[in-house]
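Colleague: Pasting a predicted model and its sequence here:
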Amino acid sequence: MTKIDNSETIFVICSFIFQIILIMHFLLRKWFFDTYILQYGWIVYALSVPAAVVSLILLLRGKPWSLWLGGFLYLGWAIYGFTIEYIKGAQWRSPIYWLYFGPYLLLYLSTVMFYWWPLAIVKKRLWYIYAALFIISTVLNLISH
């Protein structure tokens, strides 16, 4: 059994924090959509800044790209999402406006995948735990719209 180094531990913590934040966000959005989204929804996007800092640290430590790409993708998704939701105020989810939805979905899923898939390299058990959290967040995401 291989030992996880400090950089991998940081990656694992960030991966799970990201997924837990999504679960909390989708729960709150389901119950308090009108008040929550306008007042607090932007926080999910703002948390991409520390995630990108962690990715930069992992990059500078010479870690494989699979461990540092997730934070940068998160930042890209956050900038895009914040721009279309809060700056432009676009109503793009219902009905779906594919010009906004397509890139949003691609950036979101890329972020999730690059926090999830590298966990199999670190420790396979973590990959399975994250998979369960991903299923929970996806179900909550779908029912919160």
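Modeller: Everything's here; your move. Numbering: from 1, shown residues only.
Colleague: where do the strands sit along the protein?
Modeller: Here the chain has no strands by DSSP state E.
Colleague: Could you tell me which ranges of it sit under the pLDDT cut-off?
Modeller: Applying pLDDT under 70 to the chain flags residues 1-2, 33-34.
Colleague: Could you check the lengthiest helix in it and say which residues are buried?
Modeller: Secondary structure of the chain per DSSP state H: the longest helix is helix 6-31. Neighbour counts over helix 6-31 (16 or more other Cβ atoms under 10 Å) mark 7-8, 10-12, 14-16, 18-19, 22-23, 25-26, 28-29 as buried. All C-beta spots, glycine's among them, are computed from the backbone N, C-alpha and C.
Colleague: tell me which of those residues is nearest to residue 50?
Modeller: residue 14 (8.5 Å; Cβ to Cβ).
Colleague: Surely that closest one touches residue 115?
Modeller: Yes. Judged on Cβ atoms under 8 Å, residue 14 makes contact with residue 115 at a distance of 7.2 Å.
Colleague: one step back: which other helices and strands contact the longest helix of the chain?
Modeller: Contacts defined by 3 or more Cβ pairs under 8 Å, 6 or more residues apart in numbering; DSSP states H and E place helix 6-31 against helix 33-40, helix 42-46, helix 48-60, helix 65-82, helix 98-116, helix 119-122, helix 124-143.
Colleague: Take stretch 16-28, keep the C-alpha atoms, and write them as PDB.
Modeller: Provided in PDB are the C-alpha atoms of stretch 16-28 (Å, rounded to 0.1, in the frame of the first residue of the first chain):
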ATOM      1  CA  PHE A  16     -13.900  16.300  -1.400                       C
ATOM      2  CA  ILE A  17     -14.500  19.900  -0.200                       C
ATOM      3  CA  PHE A  18     -15.500  20.800  -3.800                       C
ATOM      4  CA  GLN A  19     -18.100  17.900  -3.900                       C
ATOM      5  CA  ILE A  20     -19.400  18.700  -0.400                       C
ATOM      6  CA  ILE A  21     -19.800  22.300  -1.300                       C
ATOM      7  CA  LEU A  22     -21.800  21.300  -4.400                       C
ATOM      8  CA  ILE A  23     -24.100  19.000  -2.300                       C
ATOM      9  CA  MET A  24     -24.700  21.800   0.200                       C
ATOM     10  CA  HIS A  25     -25.300  24.300  -2.700                       C
ATOM     11  CA  PHE A  26     -27.800  22.000  -4.400                       C
ATOM     12  CA  LEU A  27     -29.700  21.300  -1.100                       C
ATOM     13  CA  LEU A  28     -30.000  25.000  -0.300                       C
END
